[in-house]
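>>> This is a predicted model, with the sequence first.
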Amino acid sequence: LQEHQTLTFGNAAGTNHMSRMARVASHVRQKCAAYVLALRPWSFSASLTPVALGSALAYKLEGSVDLVILMVCAVTVLVVHGAGNLVNTYYDFSKGIDHKKSDDRTLVDEILAPQDVVMFGALLYSLGCLCATLLYFLSTLRLEHLALIYFGGLSSSFLYTGGIGLKYVALGDVVILITFGPLAVMFSHAVQVGYLSVLPLVYAIPLALNTEAILHSNNTRDMDSDKQAGIVTLAILIGPTLSYVLYNLLLFVPYVLFCILATRYTISMALPLLTLPMAFPLEKQFRSQCYAKIPQKTAKLNLLMGLFYVFGIILAPPGSLPSL
Ligand SMILES: CC(C)=CCC/C(C)=C/CC/C(C)=C/CC/C(C)=C/COP(=O)(O)OP(=O)(O)O
Ligand SMILES: Cc1cc(O)c2ccccc2c1O
């Protein structure tokens, strides 16, 4: 009997231990998922496409790309973007801008505590600095140039909602246009080739406009709640009708630029036009003022347009692209 009891208790203790382990594992899994979701990964196309574009331009210019530099650069930009999203989550919540109906639910629904978001943001900024240091050793780019672009990106990502809070004084659109466009493309190009050039700034324009369309659709959707919270965005300043006109410009001007590039330089620049069928339903949805998931859908378009743009550049015959 004693032996039987020992076996039974032994089994029960084992089962108990197992179920505790399973509970801990499930808790860790949930917490990890919460951290990943807090980064708002749907928006990552906005920072990955400029990195790919900068490297594609470097490939056309120098004939090769360093894949290690490309990977480290992508992680650097992604991490700084993610940290910017966390700063945005923290300040929008502490200023009472995010509410029960907001898109960003991390703090409103108490999925994470504000302190978790702060710690995670600090961790990402530290990781970003580590990656930038690694880039210094991998690339031939001068330290002062690398530091200038990297800390430009880092401070923009913080100041968008932290500190002065550029987003709250209608400067968010300018920040996004510059950081996700010329700055990120130039960074990725410069670490590959080892010098600064104006060329990536020009090539960044169509992609930057499309990325700004993501933010502008976001701000148009949030117009009423942002007004109530007492902040000013470009969408609030220009009103719904002009916001619709602006969204169309941001969405379709890149296609006009691709048409010009395709007809004047090389047909491979027509590749991004393949995403036009995705743009028309977005215009229609915006017009009907049904803004649900428009930023996410515009981000999906941004990813595809960016990839086709990059392929178009890679496939262009040597010497066929402007100034290349
Ligand atoms: C060149 C280097 C090294 C880095 C550049 C890295 C980048 C792209 C940094 C930009 C980070 C940045 C400005 C992030 C802000 C992200 C953003 C637009 C958040 C959206 O804010 P809201 O308008 O509040 O949207 P929600 O309403 O969805 O919260
Ligand atoms: C969360 C979030 C939301 C956005 O609307 C963005 C727009 C452009 C670039 C990045 C964005 C972003 O990270």
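Right, received. Where do you want to start? Numbering: from 1, shown residues only. Ligands and ions are numbered 1, 2, ... in the order given.
>>> For Phe258, grab phi and psi.
phi -70, psi -40 (degrees, to the nearest 10).
>>> and the nearest residue to it once chain neighbours are set aside, how many neighbours?
Nearest residue to Phe258, sequence neighbours excluded (Cβ to Cβ, 6 or more residues apart in numbering): Pro272, at 4.9 Å. The way it works is simple: take the backbone N, C-alpha and C, and place the C-beta from them, glycine included. Using other Cβ atoms under 10 Å, Pro272 has 27 neighbouring residues.
>>> Quick one: residues contacting Pro272.
The contact partners of Pro272, by Cβ atoms under 8 Å, 6 or more residues apart in numbering, come to 206, 254-255, 258, 305, 308-309, 312.
>>> Nearest to Leu130 among those?
Tyr309 (30.1 Å; Cβ to Cβ).
>>> Where does that closest one fall, secondary structure wise?
Per DSSP states H and E, Tyr309 falls inside helix 294-315.
>>> quick one: pLDDT of Ala12?
Here, the pLDDT recorded for Ala12 equals 62.
>>> and Ile164, that one's in a strand?
No - counting by DSSP: H, G, I helix; E, B strand; the rest coil, Ile164 is not found in a strand; it is coil.
>>> if I look at it, how far off is ligand 1?
13 Å (Cβ to the nearest ligand atom, to the nearest Å).
>>> so what's that residue scoring on pLDDT?
90.
>>> who touches Gly312 in this structure?
When contacts are counted by Cβ under 8 Å, 6+ apart, Gly312 touches 258, 266, 268-272.
>>> Repeat that for Asp98.
Contacts for Asp98 were tallied using Cβ under 8 Å, 6+ apart; they are 89, 92, 104, 107-108.
>>> Now do the same for the nearest residue to Phe286 once chain neighbours are set aside: its pLDDT.
Sequence neighbours aside, Tyr247 is the residue nearest to Phe286 in space, at 5.3 Å (criterion: Cβ to Cβ, 6+ apart). Model confidence at Tyr247, given as pLDDT, is 98.
>>> Tell me if the helix or strand containing Tyr247 is near ligand 2.
Here Tyr247, judged by DSSP H and E, is contained in helix 234-264. No - counting by Cβ under 6 Å from any ligand atom, ligand 2 is not contacted by helix 234-264; separation bottoms out at 11.0 Å.
>>> buried ones in that helix?
Buried residues in helix 234-264, counted by 16 or more other Cβ atoms under 10 Å: 234-236, 238, 243-244, 246-248, 250-252, 254-255, 258, 261-262.
>>> For stretch 262-276, what is the distance to the chain centroid?
Stretch 262-276 has its average C-alpha position 25 Å from the chain's average C-alpha position, going by Cα atoms, centre = their mean, to the nearest Å.
>>> end to end, how far does it reach?
Using Cα to Cα, to the nearest Å, one end of stretch 262-276 lies 15 Å from the other.
>>> Point out where the stretch 51-200 of the chain drops to low pLDDT.
100-101 (pLDDT under 70).
>>> quick one: the helices in it?
Assigned by DSSP state H, counting those that start in this stretch, the helices in the stretch 51-200 of the chain fall at 67-94, 114-138, 143-159, 172-178, 184-193, 199-203.
>>> Check whether the first one comes into contact with ligand 1.
Yes - under the criterion of Cβ under 6 Å from any ligand atom, helix 67-94 makes contact with ligand 1 via 76-77, 80-81, 84-85, 88, 92.
>>> Please identify the buried residues of the helix or strand Pro277 falls within?
Assigned by DSSP H and E, Pro277 belongs to helix 276-287. By neighbour count on 16+ other Cβ under 10 Å, the buried set for helix 276-287 is 279, 282, 285-286.
>>> ok, which residues in the chain are in contact with ligand 2?
For the chain, the residues in contact with ligand 2 (Cβ under 6 Å from any ligand atom) are 40, 43, 46, 85, 176, 180, 211, 214-215, 218, 295.
>>> can we see that at 5 Å?
40, 43, 46, 85, 214-215, 218, 295 (Cβ under 5 Å from any ligand atom).
>>> about what we covered before: name all residues that make contact with the residue nearest to Phe286.
By Cβ under 8 Å, 6+ apart, the residues touching Tyr247 are 213, 216-217, 220, 283, 286.
>>> distance of His81 from Leu250?
His81 sits 19 Å away from Leu250, going by Cβ to Cβ, to the nearest Å.
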